[in-house]
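**Student:** Sequence below, structure please.
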Amino acid sequence: MKAVLQRVSRGSVTVDGQIIAEIGKGLVILLGVQPEDTLKVAEDLANKIATLRIFEGDAGKMNLSCLDVKGEAIVVSQFTLLADTSRGRRPSFIGAAKPEIAEPLCDYFIKKLGELGIPTQSGKFGAHMLVSIENNGPVTILLDYPEKG
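**Tutor:** Prediction:
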């Protein structure tokens, strides 16, 4: 899985003119699923993200997790994170899992974040979405999971 975490003051997702997800302080997580990803990978990534210390504490250093600050999350499935641009000018998305694999893994990931204590909402799988992100910092973290080497 690949995930782009953005620490936000607020974020939202709009589909067909309707806001379907909206949070205050927390994370907007753009999530890409690869064909080889498993439930274990999704669960491990949720644990990593929930406890990743990317929020500032009293000393102004990133020392607190989303759990510590009682943050929320929005998860947006984004197959374009797995784009291969190594040849030509048009990206290939062959590295992205097919929807029948990706959607249940995204749902499981969202469920696991919630079970860990992070109120989690989501975009709409496969829909055209407008994602509003008020990046706080800015802080943006790229995770490629499981981590390689």
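**Student:** which one in this protein is furthest away from the centre?
**Tutor:** For the chain, the C-alpha lying farthest from the average C-alpha position belongs to G88; by Cα atoms, centre = their mean, that distance is 28.1 Å.
**Student:** Spatially nearest residue to L52 (excluding sequence neighbours)?
**Tutor:** Among residues not flanking L52 along the chain, S65 sits closest, at 6.0 Å (Cβ to Cβ, 6 or more residues apart in numbering). Bear in mind the C-beta positions are built from the backbone N, C-alpha and C, glycine included.
**Student:** Hmm, that neighbour is touching N47, no?
**Tutor:** No: look at S65 against N47 with Cβ atoms under 8 Å: they stay out of range, at 10.7 Å.
**Student:** quick one: which of these two has more around it?
**Tutor:** When neighbours are counted by other Cβ atoms under 10 Å, S65 comes out ahead of the other of S65 and N47, with 17 against 13.
**Student:** Show the pLDDT at that one.
**Tutor:** At S65, the model reports a pLDDT of 98.
**Student:** what does the one 10 residues further on give?
**Tutor:** Per-residue confidence at V75 stands at 98 (pLDDT).
**Student:** K148 now?
**Tutor:** pLDDT, K148: 70.
**Student:** pLDDT value on M1, please?
**Tutor:** On the pLDDT scale, M1 gets 97.
**Student:** Verify the stated contact: it with K40.
**Tutor:** No: the pair M1 / K40 is not scored as a contact, 10.9 Å apart, by Cβ under 8 Å.
**Student:** Beta-bridge partners for the most centrally placed residue in the chain, please?
**Tutor:** Within the chain, the residue whose C-alpha comes closest to the C-alpha centroid is I29; the distance, by Cα atoms, centre = their mean, is 2.1 Å. Partner residues in beta bridges with I29, using DSSP bridges, are L5, V75.
**Student:** related to what we said a few turns ago, on the three-state scheme, the residue farthest from the centre of the chain is what?
**Tutor:** For G88, the reduced secondary structure class is coil; criterion used: DSSP: H, G, I helix; E, B strand; the rest coil.
**Student:** So the residue nearest to L64 when sequence neighbours are not counted versus D16, what's the distance?
**Tutor:** Counting by Cβ to Cβ, 6+ apart, the nearest residue to L64 once its immediate chain neighbours are dropped is F55, at 4.2 Å. Using Cβ to Cβ, to the nearest Å, F55 is found at 33 Å from D16.
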